[in-house]
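**Student:** Task: produce atomic coordinates for the following.
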Amino acid sequence: MKIKTNALRRKVWFKALSRVERSIIDLTIRCVEIVRSNALIKTLLTILDKLLKTLEEDYLKKVETIGREIAERICEIASKWGNPHAWLWKYDLKFVRFLGVNTVNG
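**Tutor:** As a prediction, the model looks like this:
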């Protein structure tokens with residue numbers, strides 16, 4: 001249920017899953033307390049894995065976009081201050097993600 005709520009909030013629920021996959025999740029949430037069927041468990045795990053990967057990719061894309069904008073501004077400022085290697089910072093993916101994560105989560 002938490003994953004579904006998160007996917008709906010991030011607008012990934014309808015993009016990542018087909019109508020059948022969404023229906024399987026919805027019916028399982030409504031009708032089943034404990035999943036006992038091995039076939040249903042495998043199906044649910046496949047769907048949830050697909051959804052979690054999409055959520056992660058969506059988050060990383062957002063983090064990298066925001067981080068790259070901030071890194072470019074920082075590079076400009078550092079270059080104006082006289083740092084000759086500052087232009088390389090915007091190509092460092094770890095630095096870009098660091099800036100993006102701090103901005104998104106801060």
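
**Student:** buried ones in stretch 12-32?
**Tutor:** Buried residues in stretch 12-32, counted by 16 or more other Cβ atoms under 10 Å: 12-13, 16-17, 21-22, 24-25. Where C-beta positions appear, they are placed from N, C-alpha and C, glycine not excepted.

**Student:** Which two among these are spaced furthest apart?
**Tutor:** Taking Cβ to Cβ as the measure, the buried residues of stretch 12-32 span a maximum distance of 16.6 Å, between 12 and 24.

**Student:** which among the buried residues of stretch 12-32 gets closest to residue 103?
**Tutor:** Each of the buried residues of stretch 12-32 was scored against residue 103 by Cβ to Cβ, and residue 12 proved nearest at 20.5 Å.

**Student:** and that closest one, what is it in contact with?
**Tutor:** 51, 54-55, 58 (Cβ atoms under 8 Å, 6 or more residues apart in numbering).

**Student:** Could you identify which of those residues has the most neighbours?
**Tutor:** Neighbour counts for these were taken using other Cβ atoms under 10 Å; the highest belongs to residue 51, which has 21 neighbours.

**Student:** What does the most far-flung residue of the chain relative to its centre show for phi and psi?
**Tutor:** Most distant from the centre of the chain: residue 82, at 36.2 Å, with distances by Cα atoms, centre = their mean. Here is the backbone geometry of residue 82 (degrees, to the nearest 10): phi 110, psi 10.

**Student:** which helices and strands sit right next to the lengthiest helix in the chain?
**Tutor:** For the chain, the helix that runs over the most residues, judged by DSSP state H, is helix 38-80. Helix 38-80 sits against helix 2-9, helix 13-16, helix 19-31, helix 93-105, with contacts defined as 3 or more Cβ pairs under 8 Å, 6 or more residues apart in numbering; DSSP states H and E.
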